[in-house]
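Chemist: 3D, please:
(2 chains)
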Amino acid sequence: QKEVEQDPGPLSVPEGAIVSLNCTYSNSAFQYFMWYRQYSRKGPELLMYTYSSGNKEDGRFTAQVDKSSKYISLFIRDSQPSDSATYLCAMSAAGAGSYQLTFGKGTKLSVIP
Amino acid sequence: GAGVSQTPSNKVTEKGKYVELRCDPISGHTALYWYRQSLGQGPEFLIYFQGTGAADDSGLPNDRFFAVRPEGSVSTLKIQRTERGDSAVYLCASSLGPVESSTEAFFGQGTRLTVV
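Modeler: Below is the predicted model of the structure:
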């Protein structure tokens, strides 16, 4: 079992839909939780990060972390065709090992106009 | 430049050859990372530099892989005796500081290496 599990999709939704992406993990040491967006043939771009449990909102994006269930989510409201990309969750431990990110496989999202 | 720059964007090499991949981090970023992303997978950690020294190279798959950062800025990932299994996108990232700065890591566009 990999440390971080993420359904690779693909996921296809109509424009304006609410998108839910999620990851599960097994390493209890993870304290930082991130979502990256990666367009085709580009590097990952940080969308949001959360420390420990809780919710964080930024515009149309909401990140949730449930450490008790080892489950994190990213919600995209009013999805747009420009949101079509691969979404990667990433995690790291606190302290000395925090520099090392462990990524999920990524979920490929297509938003259809 | 404003972002992390990686060259070349694409590299095709024959099995057994030696390759060098270059990364120019964001100016002032002391921490630099290399990751490898295989097709359909997320990036996997290779090595972390803090300044000129490799603070953690535990992700390098074997001794054919080596990376340097002699002046604490530009880094070069070197692969000897390339194998077809080395084909992947090699991503470089940089961040302002060391510990607990991974949330601020900015990635380059990657070098797509193909070994034929």
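
Chemist: what about the closest residue to chain B within chain A, distance to A:G97?
Modeler: Nearest residue of chain A to chain B: A:F103, at 3.1 Å (CB to the nearest CB). (Glycine included, C-beta is placed from N, CA and C.) The spacing between A:F103 and A:G97, counted by CB to CB, to the nearest Å, is 15 Å.

Chemist: for chain B, which residues are neighbours of chain A?
Modeler: B:4, B:31, B:33, B:35, B:40-45, B:48, B:55-56, B:59, B:91, B:93, B:95, B:98-110, B:112 (CB under 8 Å from any CB of the partner chain).

Chemist: out of those residues, name the ones that lie in strands.
Modeler: Residues of the residues of chain B next to chain A located in strands (DSSP state E): B:31, B:33, B:35, B:44-45, B:48, B:55-56, B:91, B:93, B:95, B:106-107, B:112.

Chemist: could I get those residues as JSON lines with neighbour count and pLDDT?
Modeler: JSON lines is the format used below for these (neighbours: other CB atoms under 10 Å in any protein chain shown; pLDDT from 0 to 100):
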{"residue": "B:A31", "neighbour count": "22", "pLDDT": "92"}
{"residue": "B:Y33", "neighbour count": "27", "pLDDT": "96"}
{"residue": "B:Y35", "neighbour count": "26", "pLDDT": "98"}
{"residue": "B:E44", "neighbour count": "17", "pLDDT": "97"}
{"residue": "B:F45", "neighbour count": "20", "pLDDT": "96"}
{"residue": "B:Y48", "neighbour count": "25", "pLDDT": "95"}
{"residue": "B:A55", "neighbour count": "15", "pLDDT": "90"}
{"residue": "B:D56", "neighbour count": "17", "pLDDT": "93"}
{"residue": "B:L91", "neighbour count": "25", "pLDDT": "98"}
{"residue": "B:A93", "neighbour count": "27", "pLDDT": "96"}
{"residue": "B:S95", "neighbour count": "21", "pLDDT": "90"}
{"residue": "B:F106", "neighbour count": "19", "pLDDT": "92"}
{"residue": "B:F107", "neighbour count": "23", "pLDDT": "95"}
{"residue": "B:R112", "neighbour count": "17", "pLDDT": "98"}
